[in-house]
Every structure is written in structure tokens, then in C-alpha cells.
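Student: sequence and predicted model, in that order:
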Amino acid sequence: MLDLIRTNKGISMFHIVPSKKPFDQASTDLQAAVLRHGFGVLHVHDLGATLRGKGIAFEEECKVFEVCNPAQAAKVMAVDMRLNMALPCRISVYTEAGSTRIGLIRPVPMLATLSQDATLLLVAEEVEKKLLEMVEEAK
């Protein structure tokens, strides 16, 4: 049931890959890949632990990594400051039915829904290429 939601052009908004690694190893490897590609990890949200800490019986694992390349973020905001709300990029490592997955909402189709600016499309393409490389390295 991967990539169920599609844009009006038939391009998937999601990029999700299975990993043969345990959740913790995939999380560690993703963090290292982010740094190798010149991005920083701004924050890691451990959604599974947060939900369990609030008394919710949540059995899956889920960490959302907020990642950013400051130069690319500055380019986006220089074109349209409102797009700060779409930043930073997020990559998720999670389990589903016992399997580890790594996924993200792809920047190109996401920004295309928010702006028609050609400059932003180029930035989104550069960022998306790097994010996909990070996911491939971590899986």
C-alpha cells in the first residue's frame, strides 16, 4: 500500500522504500547520510515514544528527521517567504507490520502545488535528488 496518494499529474507525492535493517540501524544510517550530503538534522521527533509517553498503545516505531540545507532554504524563502511553512524537509524512518521503511514527501510535487515559480522548481529538484540519495544510502 505504498504511494497511494497521487497528484493530479499522476506523480506520487511520497517516496517510500523498504529497509532490511532494524529500525534503530536505519535511523542511525539516515542521520549519517544526511550529514554526508551537506544537510543538517535540526531535530528528530520520536513520534512512537511520544505517543507511548502519553498513554497511547502505539506499537510501531516512528522517527521524523527534520533536515535542512541552509543555502537551499534561503533560496526558497528569497522567492516566496510564505514557503517557510513547507520547511524544513522531513524524512521518516518507521515500522509498519514489523517492516522498517524510510520515506518522505517529495519536494518537487509538494512545491509545485504551492508555487509555479521556475526558480523554486530548480531548487526543489536539487533538494529532492539529495534526499533520495540519502534514503538510498540509509536503506
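Tutor: Looks like it arrived, so ask away. Residues are numbered from 1 along each chain as shown.
Student: my read: residue 88 touches residue 68, true?
Tutor: Yes. Residue 88 is within contact range of residue 68, at 4.0 Å (criterion: C-beta atoms under 8 Å). Placement of C-beta: from N, CA and C, glycine included.
Student: find residues that contact each of those two.
Tutor: By C-beta atoms under 8 Å, 6 or more residues apart in numbering, residue 88 and residue 68 have these common neighbours: residue 42.
Student: would you mark the buried spots in the worst-scoring helix or strand of the chain on mean pLDDT?
Tutor: Ranked by mean pLDDT, DSSP states H and E, the weakest helix or strand in the chain is helix 107-114, scoring a mean of 94. Residues 107-112 are the ones in helix 107-114 that count as buried (16 or more other C-beta atoms under 10 Å).
Student: need the contact partners of it.
Tutor: Contacts with helix 107-114, where a contact means C-beta under 8 Å, 6+ apart, come from 7, 9, 11-13, 76, 80, 83, 86, 89, 120-121, 123-125, 127-128, 131.
Student: give me the low-pLDDT residue ranges for this protein?
Tutor: Where the chain drops to pLDDT under 70, the residues are 1-10.
Student: report the central residue of the protein.
Tutor: Closest to where the C-alpha atoms of the chain average out (C-alpha atoms, centre = their mean) is residue 91, at 2.5 Å.
Student: report the buried residues of stretch 41-56.
Tutor: Neighbour-count burial for stretch 41-56 [16+ other C-beta under 10 Å]: 41, 47-48.
Student: dump those residues into a markdown table; add secondary structure as well.
Tutor: Converted to a markdown table, the buried residues of stretch 41-56 look like this (DSSP: H, G, I helix; E, B strand; the rest coil):
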| residue | secondary structure |
| --- | --- |
| 41 | strand |
| 47 | helix |
| 48 | helix |
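Student: export those residues to a markdown table and tack on distance to residue 32?
Tutor: Converted to a markdown table, the buried residues of stretch 41-56 look like this (distance: C-beta to C-beta, whole Å):
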| residue | distance to residue 32 |
| --- | --- |
| 41 | 10 |
| 47 | 21 |
| 48 | 21 |
